[in-house]
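[1] Next comes the sequence, and after it the predicted model I'd like to discuss.
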Amino acid sequence: MGRRSLAEKFYEDAEENDEEEGTWLVLYDFKGIKSNSKFWTNLDRVKRLVGGGTLIQYSVFMTTSKRGAITALKLARHYGADTILYRAELIEI
């Protein structure tokens, strides 16, 4: 059995946050440091774990899974980013 990734560990830790519906935005900023390539690899793992998610901007991850959003937030913090988590509602005009 191989090692679990950080994405998998953080995803398991966020299990109790799986029920709440909504669209979640994770904003992150690697101020003064370059983002680690492992962050991007793990963020792709989060997308697979939750069955979706997208980068709507270089520093904004969107998903319909609160558990996935919390996982992405913890990953970004682990790699040194400043973070904010929002629950959003899309409004068509």
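    On my side now, so go ahead.

[2] quick one: average confidence on stretch 28-43?
    Taken as a whole, stretch 28-43 has a mean pLDDT of 93.

[3] can you give me the end-to-end distance of that stretch?
    12 Å (C-alpha to C-alpha, to the nearest Å).

[4] Run through who's touching it.
    5-7, 59-61, 72-73, 75-76, 79-84 (C-beta atoms under 8 Å, 6 or more residues apart in numbering). No exception for glycine: its C-beta is placed from N, CA and C like everyone else's.

[5] and with 6 Å instead?
    5-7, 59, 75-76, 79-83 (C-beta atoms under 6 Å, 6 or more residues apart in numbering).

[6] What about those, which one has the most neighbours?
    Among the contacts of stretch 28-43, Leu75 has the most neighbours (other C-beta atoms under 10 Å), with 29 neighbours.

[7] That one: what's its closest spatial neighbour, skipping adjacent residues?
    Distances taken as C-beta to C-beta, 6 or more residues apart in numbering put Asn42 closest to Leu75, at 5.2 Å, once the chain neighbours are dropped.

[8] I'd like the distance between the one you found and Ala81.
    12 Å (C-beta to C-beta, to the nearest Å).

[9] So Lys66 is in contact with Glu20, correct?
    Yes - counting by C-beta atoms under 6 Å, Glu20 is a contact partner of Lys66 at 4.7 Å.

[10] Using TSV, please lay out the contacts of stretch 28-43 together with secondary structure.
    Output for these, formatted as TSV (DSSP: H, G, I helix; E, B strand; the rest coil):
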residue	secondary structure
Ser5	coil
Leu6	helix
Ala7	helix
Ser59	coil
Leu75	helix
Ala76	helix
Tyr79	coil
Gly80	coil
Ala81	coil
Asp82	strand
Thr83	strand
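
[11] Lys66 and Glu20: which is more packed in?
    More crowded of Lys66 and Glu20, by other C-beta under 10 Å: Lys66, with 20 against 11.
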